[in-house]
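1. with the sequence up front, the predicted model follows.
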Amino acid sequence: MSGSLPTAKPCAIPDTPLAHAMPGLDTCVHCGFCLQACPTYLALNDENDSPRGRIVLMRALVEGDLSLDDPAVQTHIDRCLGCRGCESACPSGVPYGQLLEATRATLTARRPLPAVVRLALGVFARPWALGTALAMGRLARGTGVASLLAGVKGRLGFAFAMLQSTALPIKRKNYTARGDGSRGSVAVLQGCVMEGLFAGTNRATARVLTVNDYRVVAAPGEGCCGALHAHAGDLETARTLARRNIAAFEKSGAELVAVNASGCGAMMKEYGHLLHDDPAWRERAERLASRVRDVSELLAAAGPRPGAALPLHVTYDAPCHLVHAQHISAPPLAVLRAIPELQLTPLVDADQCCGSAGIYNLVEPETSNAVLAPKLAHVAETGAALVATGNPGCLMQIGAGLARAGSTTRVVHPIDLLDASYARRDA
């Protein structure tokens, strides 16, 4: 028998994040199961805009068949939503989310991010700048400016429609939450957008946890989780933000960390991977990640306790980073089913991405809208008055899409519904 096996090509981009992620590339067998789970492939019908196609591009970069300066590579990598729906469909366990972040970090080192992306990430990395921006957003929402400008065509109008959709669509009633704290101590990630535009949901999160016998403690100093930066390829800033949160939650002494934003929860559960190469922080990151829970996980573990009747017609949309990245599907439904007289109608393709993906809808608006369109159609089919979903980006994206389509359906976080049910019970 003659001949020999072909030798692997040497790595053309050594000592880069993508080069270090090469073992993940090797797990892909190019079976194609990911195609129908990929929103950009379904919207654009281009193999290069599928997970399998992007992995081929990644391998071509590693092997030197394509240059890091190739504009087509940048285009197809940029178009990825990072929803990780492909991971749920993949029989081989390809760590696509990690591969995407490594690829973007490698490309970013060669070619800077677009100015609008750098500006957005810079604001999120600086608490004073973010606080100012979000305060202006609340002012625009409260004065009616956001509602007025939501109908303007294009990216600007959509941004104001997103802002307007952060207003709570149900009346919030104050009540005193009581519980015995027997389930242990928990600190709630206040975060950035959640605290800036959904502060009421953060307060509701603390109340419903208290009612279900968790003892809520503060974690001064915590903030942005770094997800937006990691997804964009700015891994160093993501690591800086992660270290800040790790220190803050360690200092809180909380046994668990509750997160009510699925994208943030997914990021924090992967802090160990993010800081794997940092010997001073690796073990601390892994310990914190092991204590992070989506708030629906904690409530489902506790029951959750039923509240008073809330006769509303609701459909539930599963945030990508909850169902695909964290593999959580039943707990949010348990939260909604704890509300008597709530009519819950299933949503077709509830596990498909809505097109939000952090700031994706602002930098790739055409593709984002194409991904959002079937979601809005399926929501309309339910006839529901409210869409419940547990991620701020999804709340704003779907809410803006519904408003601009002339729909009367509004968006709401599941926690706000449970909180309203408890408020009625204790009224």
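-> Perfect, I can see it now. Numbers count the residues shown, from 1 in each chain.
2. going forward, measure contacts and count neighbours with C-alpha atoms only.
-> Fine.
3. can you show me the CA trace of the helix or strand of the chain at the bottom of the mean pLDDT ranking as CSV?
-> Sorting the helices and strands of the chain by mean pLDDT, DSSP states H and E puts helix 360-363 at the bottom, at a mean of 84. Taking C-alpha atoms only, helix 360-363 is exported to CSV below (Å, rounded to 0.1, in the frame of the first residue of the first chain):
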residue,chain,number,x,y,z
TYR,A,360,-26.8,44.3,15.5
ASN,A,361,-30.2,45.8,14.6
LEU,A,362,-28.5,49.2,14.4
VAL,A,363,-25.4,48.2,12.4
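4. just how off-centre is that helix within its chain?
-> Here the centre of helix 360-363 is set off from its chain's centre by 14 Å, with Cα atoms, centre = their mean, to the nearest Å.
5. what's the next helix or strand after that helix packed up against?
-> Downstream of helix 360-363, the first helix or strand assigned by DSSP states H and E is helix 365-382. Based on contacts counted as 3 or more Cα pairs under 8 Å, 6 or more residues apart in numbering; DSSP states H and E, the elements that helix 365-382 packs against are helix 39-44, helix 360-363, helix 392-404.
6. and those, which one's lowest on average pLDDT?
-> Lowest mean pLDDT within the helices and strands packed on helix 365-382: helix 360-363, at a mean of 84.
7. what's the most buried one of the helices and strands packed on helix 365-382?
-> Most buried of the helices and strands packed on helix 365-382, by mean neighbour count (mean count of other Cα atoms under 10 Å): helix 392-404, with a mean of 24.
8. contacts for that helix, please.
-> Here helix 392-404 makes contact (Cα atoms under 8 Å, 6 or more residues apart in numbering) with 150-151, 158-159, 161-166, 193-194, 198, 261, 319, 354-358, 361, 372, 376, 389, 408-413.
9. what about residue 294, neighbour count?
-> For residue 294, the neighbour count with other Cα atoms under 10 Å is 24.
10. got a list of contacts for the least confident helix or strand of the chain?
-> Outside helix 360-363, the residues touching it (Cα under 8 Å, 6+ apart) are 81, 116, 117, 155, 159, 355, 368, 369, 397.
11. out of those, who's nearest residue 308?
-> residue 397 (29.8 Å; Cα to Cα).
12. can you pull the buried residues of stretch 161-178?
-> Going by neighbour count (16 or more other Cα atoms under 10 Å), the buried part of stretch 161-178 is 161, 162, 163, 164, 165, 166, 167, 168, 177.
13. next one: the fifth one from residue 77, what distance?
-> Look at residue 165 and residue 77: by Cα to Cα, to the nearest Å, they are 29 Å apart.
14. same check on the second one?
-> Applying Cα to Cα, the value for residue 162 to residue 77 is 25 Å.
15. the last one now?
-> With distances defined as Cα to Cα, the gap from residue 177 to residue 77 amounts to 46 Å.
16. picking up where we left off before, turn the helices and strands packed on helix 365-382 into a markdown table, columns for distance to residue 65.
-> Compiled in a markdown table, these are given as follows (distance: least, Cα to Cα, whole Å):
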| stretch | distance to residue 65 |
| --- | --- |
| helix 39-44 | 23 |
| helix 360-363 | 28 |
| helix 392-404 | 36 |
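17. for residue 20, give me its contacts.
-> Residue 20 makes no contacts at all, as judged by Cα under 8 Å, 6+ apart.
18. mind doing that once more with 10 Å?
-> The neighbours of residue 20, taking Cα atoms under 10 Å, 6 or more residues apart in numbering as the test, are 13, 14, 99, 102.
19. which among the residues you listed count as buried?
-> 13, 99, 102.
20. secondary structure, distance to residue 327 and pLDDT added to these, as a markdown table?
-> Compiled in a markdown table, the buried ones among the contacts of residue 20 are given as follows (DSSP: H, G, I helix; E, B strand; the rest coil; distance: Cα to Cα, whole Å; pLDDT from 0 to 100):
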| residue | secondary structure | distance to residue 327 | pLDDT |
| --- | --- | --- | --- |
| 13 | coil | 33 | 92 |
| 99 | helix | 18 | 95 |
| 102 | helix | 22 | 94 |
